[in-house]
Each structure stands twice: as structure tokens, then as C-alpha cells.
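1. I need the structure of the sequence given here:
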Amino acid sequence: MTGHGDRAFLEEMLAPLGGVALRRMFGGLGLFRDGLMFGLVARDVLYFKAAPDETAAFAAEGGAPFSYATRDGRTTTIASYWRAPERLNDDPEEFLLWARRACAAAEGADRVKPAGRRKARVV
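-> Down below sits the predicted model:
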């Protein structure tokens, strides 16, 4: 794996955020901060969590929402995770900006969940 899909690359790029954990999930990686998933890597492609009002920014960069094929041949799209722009590989500051926005999107999504389904906050 290289670039966005490389675990060492991601750990280095995300280190300034603090509190980030990368966990193996379904043959890829889940990106978590303070217990909330803000990104995922599938098939060596990085997807960031996007708030509904930010999806246009991802689309403008050529991104698309995360999708996968199911056993019955259907494609399932998870519209809250969008492909991160490849150009972020070469710009650590911009990478962090997009990662911070993904963290904020994850926090916002968690806030609107019913109280019993919210993640416990680590302060």
C-alpha cells in the first residue's frame, strides 16, 4: 500500500491530531479519534466522514461516496464517507484540515444520535 492506504503514512499524517487509532476492519482500516470513526480505508483508498453540507467539496475534487458490492450483486453506498482527494498526499497541512473536518463531521453525527447510542466522550 502507498499513499492514503499505507498505515505508516496515515499514522504519520494524522499524528498531529492526537488520539487517533487505526483499527483493522473488513480487510481495510477504520480511522478513529476519541472513539468516533472519522475515516476508513478500503481497497487502498481513503474515505473521510463528510457532513451533509460538505459533500459538494468532495465532489468538486472528483470524490465519490464510499460504496461496496453485496453478495446479491447490489451496490450499497454509504454517503457519509467520501473519497479523499489524492492531492492531500503531498500537502500535510491540507491533509490535516480535511481530517479535522472529518472529525468534526463524526462529532456532529454523534450529537444527533439518541442519547443511548452516543459514544462516551473522553475528556
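2. contacting residues for Phe32?
-> Listed by CB atoms under 8 Å, 6 or more residues apart in numbering, the contact partners of Phe32 are 20-23, 38. In short, each C-beta sits where N, CA and C put it, glycine included.
3. what residues does the lengthiest helix in the chain touch?
-> Assignment by DSSP state H gives helix 92-111 as the longest helix of the chain. With contact meaning CB under 8 Å, 6+ apart, helix 92-111 is reached by 13-14, 16-17, 31, 33, 36-39, 48-51, 54, 80, 84-85, 87-89, 118-119.
4. return the set of buried residues in stretch 47-65.
-> Neighbour counts using 16 or more other CB atoms under 10 Å place 47-51, 54-55, 58, 63, 65 of stretch 47-65 among the buried residues.
5. thinking again about what came up before, buried subset of the contacts of helix 92-111, written for PyMOL?
-> Typed into PyMOL, the line below selects the buried ones among the contacts of helix 92-111, using 16+ other CB under 10 Å:
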select buried, resi 13+14+17+31+33+36+37+38+39+48+49+50+51+54+80+84+85+88+89
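6. spatially central residue in the chain, please.
-> Gly39 (1.6 Å; CA atoms, centre = their mean).
7. quick check: closest non-adjacent residue to that residue.
-> Leu31 (3.6 Å; CB to CB, 6 or more residues apart in numbering).
8. which residues touch that neighbour?
-> Counting by CB under 8 Å, 6+ apart, Leu31 touches 10, 14, 20-22, 37-41, 102.
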